[in-house]
Every structure is written in C-alpha cells, then in structure tokens.
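> Please work out how this folds:
(one chain, ligands or ions: 1)
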Amino acid sequence: MERLFEPHEIRKSRVCPSLWTLTTPDAGGLEKPEKVIVPSVWESHPALRRYRGRGIYEQEIVCGGNVRFFFGGVSFRARVSVDDVPLAEHYGAYTGFDALALGLAPGRHCLRVEADNRFDADSALHMPNDYYAYGGLHRPVTVEELGNAYISQCRITPRRMGDGWTAEAEIALRNLTARPLAGTLSLTVAETRRQMDIRLRGEETATFAFSLPCGQPQPWSPETPALYTARAVLSLGGQPVDDWIDRVGFREIRVEGKQLLLNGAPLRLRGFNRHEEYGSFGLAVPPQAMAQDIQLMREMGANCVRTCHYPNDPRFLDLCDEMGLLVWEESHARGLSEERMRHPLFMEQLRLSTREMVEQHGNHPCVFIWGCLNECADDTEYGAACYRETLSLLRELDPSRPVTAALLERPGGRVYADMDVVSFNLYPQWYREASVTEALNRKKQEIGENGGRGKPLIVSEIGAGAIYGYHDPLGEAKWSEERQCAVLREQIAAVLADPDVCGLFLWQFADVRVDEEWFMQRPRTYNNKGVVDEYRRPKMAYRTVRALFRE
Ligand code: ADA
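Predicted structure coming up:
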C-alpha cells in the first residue's frame, strides 16, 4: 500500500509505473486506446467527462515468484487478471484490495484491471448521489514480490496502563506454500522489542499477539502529534524474509457522560465535512492538494475532519496523523431509503466497506471515531436493524474507538441508544427557515426521549450554499456568498454556544461535483456548500468561519 513513508525495508515493494493503456469499450468512450496516468479518474480526460462504463487498464510489469498487487482504490467495481488469468474482483471505490499471483515466471507480465462505474442492479451502495461516482484507478497500485510467507496484517492498539503505555498488537502471517514453516516474529515499537517463535501449517493464515510495555512516550494529540515507528519482522530459517512498518500515536479516546475525552481531556470538536475530490482530478486527489486542504482547514481553526461518506486515501490519514487533525472516518453509504437498504447485496457490500476500512486504517492515531450509514432509514425497524448490525461490527473490529452515525434531522430515530456518540445533520436557515436554536433544541429533546439522553452529541452537518463569485450586496439572494456567510454565522454561533454539543462538522469544506440526476437542486451539478470552491478558492465564508472557529 502506498504511504507517505517507507512501509517496508525488506519486502520488495514498489509503486507500479504510472503510464497505463486505457481502453473504453462502452458507448461514449475513446475512439482508440490511449496512455493515461494512474492514479487518476477517467473523467479528467476531456473525452470521458461523462463516460459511464468499463475502463480497461493494461500495464506490463517485470516481476516473478509470489507477487502481490495492491490496489489502493478502483472505482467502483474491479476485475484483475495477469496474463489473462483472473485473480481478483472487488466492489467499492473507497477501500483497497489485493490480488495474489503465485509462482509467476520471472519476466514481463501483462497486468489488466477492468474498472466499471455503471450503476447496475448489483450495486447497492454506489448509485446516483450527491457526490460523483467516478471511474478508474484513482489511488496508487503497488507490486510486491513475496517469499514463502508474509505479514498480511498488523494491528496495533495503544493502551494506557497506569502511568505508562502498552502497545497491543495482532499480527497475521500467511504461509503461501503447502508445507509447514517455522521461524520467528519480532515487533519493535518505540524502543521496545519482543520476539516469539512461530509455526505455520501449509497454506495457513494465523494471528500472533504481542503486548509491549512502551514506558512513557509522548502522547499523540492535535497540539503535539507525536508518532513512533512500529516494525514487525518475520524470519524463516534465521533469515529475515518480510517486514511491516507503521506509525503509532499513543492516545486514548473515551466517552464519559456527555464528553468525548482524548487522553483524559474533553474534546471541543470544530471542523469540516470533506469529500475526497479536487476539481478536475475528481476522486484522485494529488497528495500536495491533500496537504493543502489540511493546512486550509487548520488555518480556519478546525481541529477535525469527517471523511463523508466513505473511507479515504491512507495518505490523507498519514497527513492527518502527522499534522494533528482528528478524523471521523465512516464506511460507505449515503442517504439510502429502507427500500434501498433491502437490496439483497446491501449488507454484504456495507460489511465489506466497514471491515476493509477498519482493517486498513485502524492504526491511524488521527481516527478518533468510526461512523457508518449517513442519513439512512434509522426510523424503521428494518433500517434500525441494519444500523445495529453495522455499529456492532465496528465495535467488534475495533473496541478501542467509539462509534456513531450521522442521522437525519427528522424525528423518529430508533438507534440513539445503540451509539456511543449521537450525531445528527441539521439545515435550519437553508432548507428551512426555522431558527437554529429551535431546530437544535427540538432534535436534542427527541434524542433524549428516545434512548440518547446523557450521551455526547455532535452536529455532524450544518451549512448553506454559495456559488463562488456570485454576490448580492444586500445579502439576501440564495446562492450568494453574502447569504452563505449570514447563514453560517448564525448556525455556527448557535451550535458553539450549546453546552450539550461537543462537536460541529460544517457542511462542507469544498464544493463537489454531483451525479447528473441531482442537477435540479444543484446549480452547476455541484454541491455548492463549500467554504472554498472545487479549486480551493476561498469564498467570503472562509473569513466568517475562521473568525468564529478561532474565537
Ligand atoms: C445531507 C447529506 C450530504 C449532503 C447535504 C446537503 O445532510 O448527508 O451528503 O447531501 O445533506 O448538501 O444537502
């Protein structure tokens, strides 16, 4: 997996060359194959801005032996083959997956990936929505040459023990051969190292647990985002054959009454919802733009970001770890009705997105809460059961972080009691004229009467739209920058003044493209509620938010 540091010193891992050949066999595609850069979305190509279909990416790779390809993100369905031998299929744009080719002859091989962004009957999560379902290989592809066994997973959880910290780790090893293997596995975190003997049966994947006392490292926090290196090494027959490097931030998140505590101190969260998208690069946000986004959000006084409505590029999370921005990350699902949740593949696809998110991103100290199911049917028995199952899955996969879901403003919610933190989206003064304080009080009362009393509350969305550069000096016209400022001023002031609310995520950081089916409510086919536009040009609201967040 491509990270912003070296994830391996022993494993032979490299990013695939960036020039691939793209063929688009469906209507509206390219006339003939063309060379394109990966990562990218095909909508960046002027001839493919509205192409919905298959994109076939081909690349010649020189490799041999046991080869593992890792795809950071393919939108939104993928089929992988090497030399015409099918290796893997995957659904879901926003999490990575791998494809193993065992025993390849050393030399040139043709790696072929078919990406498909058609809304077919088998797609429960990807559908025309208030953000664009792009096509293509939008995150890096890596190629790794493995030996007989490798480290397939390494989860590290910091725990506070008395005055000090312990790193608890679960490391999965996979034997790629049919015979038993024996060796050692070591783990070093900060300055502490432990080693154990291991045995693997033929073709087995087994998990080994470590508990490392780490003394008193500097804890991770937004103000001091201290990171320590963790390194697992697998040796067979006395020889190191594989390794896994990650970073650990020592911090503890806890819910106590109506507060969320980070290392024992109450959090006052103020930040943004951010879609993973940048202007004409779409979902393939260049790392320099990721870093700039974090700088802009911090400059406005934000200490947190929500990755609405899906898991993000691990490089964005690496930057948040480094720069001390707290992250609410959620698995993929936005605005699905009960009918849609009854799609036969819905729970399977949601479970996959949830599992892959936690497995791939669970080590990031910046992630302080897991979310799921933004604005789905939490008011019906069936919908509530889906929420409960997903919240339990999150807890089972990671008992160390609280769980939540951003719910609709409308009454009738049935899952307040099932969440550690109750979160809701509100749009008074934009979709409705209601006063912000009244809307807040109404929702709080309803939550309190239906199982959520005494829990921490987060306003997970609130905001208003403006088209960049459109001005109404009287501040009255909807879509003017002045009106957006006036609404945001009232919304932010009311939420920050409410002692029951411990967090606020503005909707939204930047304007984003939406699927064409949404054009009636979305001028330019963009969701225009950003405080910066899709190229990060600040609207007037930038100054308004900065003044209120920094107060
Ligand atoms: C919802 C939803 C967002 C966006 C927003 C809006 O709350 O969660 O994805 O659609 O409304 O702009 O109306």
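
> List the contacts of the residue nearest the centre of the chain.
Among the residues of the chain, the one closest to the centroid is Pro311, at 1.9 Å (CA atoms, centre = their mean). Residues in contact with Pro311 (CB atoms under 8 Å, 6 or more residues apart in numbering) are 94-95, 329-332, 353, 356-357, 360-361. Using the backbone N, CA and C atoms, a C-beta is placed for each residue, glycine as well.

> Among those, which one lies nearest to the ligand?
The nearest member of these to the ligand, counting by CB to the nearest ligand atom, is Glu330 at 10.6 Å.

> quick one, what contacts the residue lying closest to the closest one once chain neighbours are set aside?
Spatial nearest neighbour of Glu330, excluding adjacent residues (CB to CB, 6 or more residues apart in numbering): Gly371 at 3.3 Å. For Gly371, the contacting residues are 306, 328-331, 403-406, 423, 460, by CB under 8 Å, 6+ apart.

> mind putting these in TSV, secondary structure included?
Formatted as TSV, the contacts of Gly371 follow (DSSP: H, G, I helix; E, B strand; the rest coil):
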residue	secondary structure
Arg306	strand
Trp328	strand
Glu329	strand
Glu330	strand
Ser331	coil
Val403	strand
Thr404	strand
Ala405	coil
Ala406	strand
Ser423	strand
Ser460	strand
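
> closest to the ligand among these?
Ranked by distance to the ligand (CB to the nearest ligand atom), those are led by Ala406 at 6.3 Å.

> Can you verify my assumption that the closest one contacts Glu375?
Yes - if you go by CB atoms under 8 Å, Ala406 and Glu375 touch, sitting 6.5 Å apart.

> neighbour count winner among the two?
Per other CB atoms under 10 Å, whichever of Ala406 and Glu375 has more neighbours is Ala406, with 26 against 21.

> Tell me how far the residue nearest to Glu330 lies from Lys478.
29 Å (CB to CB, to the nearest Å).

> re earlier: show me the beta-bridge partners of the residue nearest to Glu330.
Beta-bridge pairing for Gly371 (DSSP bridges): Glu330, Thr404.

> Distance-wise, check the spatially closest residue to Ala190 that is not a sequence neighbour relative to Leu394.
In space, and not counting its chain neighbours, Ala190 is closest to Tyr228: 4.3 Å by CB to CB, 6+ apart. Distance, Tyr228 to Leu394, using CB to CB: 26 Å.

> out of the two, which sits in the busier spot?
Taking other CB under 10 Å, Tyr228 and Leu394 do not tie; Leu394 has more neighbours (26 against 22).

> mind checking the SS state of the more buried one?
Going by three-state DSSP, the secondary structure assigned to Leu394 is helix.

> residues touching the residue nearest to Thr177 when sequence neighbours are not counted, list them.
Nearest non-adjacent residue to Thr177, counting by CB to CB, 6+ apart: Asn148, 4.9 Å away. Asn148 is in contact with 66, 175-177, 181, 236, 241, counting by CB under 8 Å, 6+ apart.

> Return the set of buried residues in the host helix or strand of Glu482.
Assigned by DSSP states H and E, Glu482 falls within helix 481-496. Across helix 481-496, burial judged by 16 or more other CB atoms under 10 Å covers 481-492, 494-495.

> The ligand contacts on the chain?
130, 334, 374-375, 425, 461, 507, 527, 529 (CB under 6 Å from any ligand atom).

> What about those residues, which are in strands?
Counting by DSSP state E, the residues of the chain next to the ligand place 425, 461, 527 in strands.

> Show me what the last one bridges to in the sheet.
Going back to what we said before, that points to Asn527. In beta-bridge terms (that is, DSSP bridges), Asn527 pairs with Val512.

> and what of the first one?
Taking DSSP bridges as the rule, Asn425 bridges to Glu461.

> isn't there a helix covering Ala88?
No - read with three-state DSSP, Ala88 is strand and lies in no helix.

> which is the next helix or strand following the longest strand anywhere in the chain?
For the chain, the strand with the greatest residue count under DSSP E is strand 97-116. Next in sequence after strand 97-116, counting helices and strands by DSSP H and E, comes strand 136-137.

> Pairing partners for that following strand, with directions?
Partners of strand 136-137 in its sheet, by DSSP bridges: strand 74-75 (antiparallel).

> What count of nearby residues applies to His275?
25.

> Show the pLDDT at it.
If you check His275, the pLDDT there is 98.

> Let me see the contact set for the closest residue in space to it that isn't next to it in sequence.
In space, and not counting its chain neighbours, His275 is closest to Val512: 4.4 Å by CB to CB, 6+ apart. Taking CB under 8 Å, 6+ apart, we find Val512 in contact with 131-132, 275, 277, 526-527, 530, 534.
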